[in-house]
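> After the sequence you'll find the predicted model.
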Amino acid sequence: MPGRSKNKQRSSTNAKPLITTPRGTIKPHKDFDEEAATGQAKKLHRALQKPVNMAVVISILTKYTVEERKYLEDVYNVQFDENLDAALRRETSANLQATLLALMQWENQFLASWTRRAMKGLGTDEKTLIEIFCGRSQAEVQNVVKAYQRMHGRSLEAELRSELSGDFRQLILGLVQLGRNEDELVGDNRARELAVELHAAGEARRGKDAAVFVRIFCETGCALLRRVFEIYPQVSAKANSIEKAIRSEFSGDMKTGLLTMVQCISDQPAYFAEKLYRAMRGLGTDDGALIRILVSRSEIDLENVKEKYQLNYGKSLAAAVADDTSGDYRKCLLAIIKSWA
């Protein structure tokens, strides 16, 4: 198990993060046409016959983007007697199966399924809901909202309203209502106004006004919010960072949700690096989080996440995953990470 690194670096909004171009580990192939898809479908079909060649299965399904995988799946299902989903379910199990099936889902459907799982049965998995809604862009949240409606025939907003309560419910509802204005101009005067408003609603009064935090965090564009977070210590009577202010005024899931938003708006790859670190530290592994993050970020910014993991924890993400997993499951995760790249 990966231990705590003495050199662990915590992100802070006091220092401006370096905004870099998002880079995934799985990239599209220009030459992936019907002929290529047919050839890969035949290889995949042969590999899924007894004795199963799982190395080939993993190699093919982690090489292509989800759009290419879905095309390959369509070709496979036309060419052969059984569909690919059924073949994967028959020949795999446990975490390997969960990872391969995740790779075969559109990202919005995959995250919508996890959202449903987080609310199903007794109790609610607030930690997963925070990662999905506080940890992702408005465009990604919008795709999950639409997919949830299509897949389950229910309004996600209505489901969340019935499952959650208090200030945390208002925060999550504010995010799924998709009211963020990303076209808002970034200027120091406007950023200072919002920082002053947050200070007045929290540190500067007895008893917080959570509605102000919800409105500003859910409706302000991310670029402007980054500047608000940078300016906040200048307006705080105690020169506190926005993170320290949130920790002093809020508790529980509301505190975690707001802090997650600050971290993701400031440095999203660092947030996912930390989530992966927490999924593997100590005894046991949170395989659900491990699979969910690696698969969902593989085409977006997993290369950036790898860099942040190495920087913040003094160990490569691939090495941490290799230490915490085994067998074909390990091989599949390492193929997604592209540990040889």
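Good, I have the coordinates. Residues are numbered from 1 along each chain as shown.
> Would you tell me which helix is longest in this structure?
helix 252-280 (DSSP state H).
> in it, what's buried?
Residues of helix 252-280 classed as buried by neighbour count (16 or more other C-beta atoms under 10 Å): 253-277, 279-280. For the C-beta atoms, the positions are set from N, CA and C on the backbone; glycine is no exception.
> now stretch 281-297
Neighbour counts using 16+ other C-beta under 10 Å place 281, 285-297 of stretch 281-297 among the buried residues.
> Now do the helix or strand that the longest helix of the chain is followed by: distance to the chain's middle.
Using DSSP states H and E, the next helix or strand after helix 252-280 towards the C-terminus is helix 287-297. Averaging C-alpha positions (C-alpha atoms, centre = their mean, to the nearest Å) puts helix 287-297 8 Å from its chain's average.
> Show me what helix 287-297 is packed up against.
If you count contacts as 3 or more C-beta pairs under 8 Å, 6 or more residues apart in numbering; DSSP states H and E, helix 287-297 packs onto helix 94-103, helix 107-119, helix 126-129, helix 252-280, helix 302-313, helix 317-324, helix 327-337.
> Taking helix 287-297 as reference, get the angle to the fourth one.
For helix 252-280 and helix 287-297, the angle between their directions (axes from the mean of the first three to the mean of the last three C-alpha atoms, to 10 degrees) works out to 90 degrees.
> Same question for the fifth one.
Here helix 302-313 runs at an angle of 130 degrees relative to helix 287-297 (the same axes, to 10 degrees).
> Redo the helices and strands packed on helix 287-297 as a markdown table? Include distance to N77.
Written out in a markdown table, the entries for these read as follows (distance: least, C-beta to C-beta, whole Å):
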| stretch | distance to N77 |
| --- | --- |
| helix 94-103 | 15 |
| helix 107-119 | 17 |
| helix 126-129 | 31 |
| helix 252-280 | 33 |
| helix 302-313 | 28 |
| helix 317-324 | 31 |
| helix 327-337 | 22 |
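> Can I get those in TSV including distance to D81 and mean pLDDT?
As requested, the helices and strands packed on helix 287-297 are arranged in TSV below (distance: least, C-beta to C-beta, whole Å; pLDDT from 0 to 100):
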stretch	distance to D81	mean pLDDT
helix 94-103	20	97
helix 107-119	25	96
helix 126-129	37	96
helix 252-280	38	96
helix 302-313	35	96
helix 317-324	36	96
helix 327-337	25	97
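> Relative to S137, which of those is closest?
Taking C-beta to C-beta as the criterion, helix 252-280 is the member of these that comes nearest to S137, at 8.2 Å.
> I'd like to know which elements the closest one is packed against.
helix 126-129, helix 166-176, helix 210-219, helix 222-235, helix 242-249, helix 287-297, helix 302-313, helix 317-324.
> okay, the ones you listed in TSV with distance to G153 next?
Putting these into TSV (distance: least, C-beta to C-beta, whole Å) gives the following:
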stretch	distance to G153
helix 126-129	20
helix 166-176	17
helix 210-219	26
helix 222-235	32
helix 242-249	37
helix 287-297	23
helix 302-313	32
helix 317-324	37
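> V186: neighbour count?
Using other C-beta atoms under 10 Å as the criterion, V186 is surrounded by 14 other residues.
> my read: it touches L225, true?
No: taking C-beta atoms under 8 Å as the definition, V186 is not a contact partner of L225, at 9.4 Å.
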